[in-house]
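1. I would like the atomic coordinates for the input below:
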Amino acid sequence: SSGEYPTSTGCARCSSKFGSSCATCNSTSCLSYSSCSDGKYLSNGTCSNCPTGCKKCSSESNCTECDTDYVKNGTTCKYDPCEKYQAVLVEGDYEGTHYKFCMKRKNAGDESASDLIGIATGQQVNSGTTKNPKYEIFKEAHCWKGTTTKSCTDAIQLATDFPAWDYDGCTRTVCNWLAANQICNVNLSKYGQIWKLPSLEQLYVLKSQYTNASGTSGLQFCDMGSSTKGAPYCYYDEKLCLGADYNRCEPALIWGIKKINTSYYYYLTNYGGFLMAPNTGLAMHAYSVRCVMDL
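-> Reported below is the predicted structural model:
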């Protein structure tokens with residue numbers, strides 16, 4: 001009968017010899033299947049391989065579930081080991097070396113409040129007078145949340161001008177370098193994950209690869225130049241980060257880890273539709289924090 005094959009003593013079940021999914025067989029092989037294991041799909045009794053990255057599929061072109069480090073992309077799966085970390089895959093070459101790393105999709109503090117555990121936030125108090133205010137620079141790790149610039153693309157404008165984005169230019173958490181380094185090296189580096197600020201080499205790779213026209217699938221850096229270059233506008237503001245150098249918030253600038261002395265560290269600036277070459281700034285400036293993890 002169906003599901004059996006003849007032997008010298010009678011009949012034997014195909015499933016006993018070739019597995020529970022074997023529907024028909026002879027004494028040497030399974031001839032057709034009723035179901036397939038992960039990574040294969042059933043077609044006319046035959047199990048064929050799913051496309052690369054598919055854990056389960058219904059045909060050679062329709063993935064229903066993706067393998068580890070792959071994510072759905074329409075009816076297929078694409079390689080993206082960073083999605084599960086709310087991060088974006090960045091890959092490229094610099095001076096003959098290939099770099100591949102995940103970078104957080106939004107500024108530290110804007111994706112998760114736990115990013116800022118142990119980090120002081122808020123404005124410095126006025127140690128001067130009303131007429132002549134004075135704000136001492138914070139000497140410890142510090143971040144500023146909420147509205148960090150008023151010369152910017154707000155949430156209402158974002159919905160109209162950048163419908164593919166979900167991150168406006170006005171409310172981006174910024175931090176001094178001490179806080180940035182602590183966030184990446186300590187707060188995010190848990191459970192076997194190793195995060196850090198981007199190296200100088202990674203900043204150059206990022207510069208060569210980034211485009212404003214990425215939307216929510218990309219890094220969504222705001223642009224200090226204008227809102228006409230494919231990204232929300234975010235000029236610096238000298239009144240909203242009291243206690244930073246110049247009391248200035250600069251969300252269009254992104255901290256790096258490399259320093260040139262005890263006070264200056266490298267950063268990138270998104271200006272006029274592209275990332276400028278890395279420059280250096282004082283550690284007590286208030287810039288964006290985007291942690292990276294090497295792959």
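
2. got the CA positions of whichever strand or helix holds I156 in PDB?
-> Element membership of I156, judged by DSSP states H and E, is helix 155-161. C-alpha atoms of helix 155-161 as PDB (Å, rounded to 0.1, in the frame of the first residue of the first chain):
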ATOM      1  CA  ALA A 155       8.100  66.200  13.800                       C
ATOM      2  CA  ILE A 156       5.300  67.900  11.800                       C
ATOM      3  CA  GLN A 157       7.600  69.000   9.000                       C
ATOM      4  CA  LEU A 158       9.200  65.500   9.100                       C
ATOM      5  CA  ALA A 159       5.900  63.800   8.300                       C
ATOM      6  CA  THR A 160       5.400  66.100   5.300                       C
ATOM      7  CA  ASP A 161       9.000  66.500   4.000                       C
END
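
3. from the middle of its chain, how far away would that helix be?
-> Distance of helix 155-161 from the chain centroid (CA atoms, centre = their mean, to the nearest Å) equals 22 Å.

4. Tell me which stretches of the stretch 51-200 of the chain form helices.
-> Here the stretch 51-200 of the chain has its helices, by DSSP state H, counting those that start in this stretch, at 155-161, 177-182, 200-209.

5. And these: which comes nearest G146?
-> G146 lies closest, by CB to CB, to one member of the helices of the stretch 51-200 of the chain: helix 155-161, at 13.0 Å. Heads up, the C-betas are built off the backbone N, CA and C, glycines and all.

6. between the one helix or strand I254 maps to and helix 200-209, how many degrees?
-> In the assignment (DSSP H and E), I254 maps to strand 249-259. Relative orientation of strand 249-259 versus helix 200-209 (axes from the mean of the first three to the mean of the last three CA atoms, to 10 degrees): 130 degrees.

7. so after strand 249-259, what's the next helix or strand?
-> Strand 249-259 is succeeded, C-terminally, by strand 264-271 (DSSP H and E).
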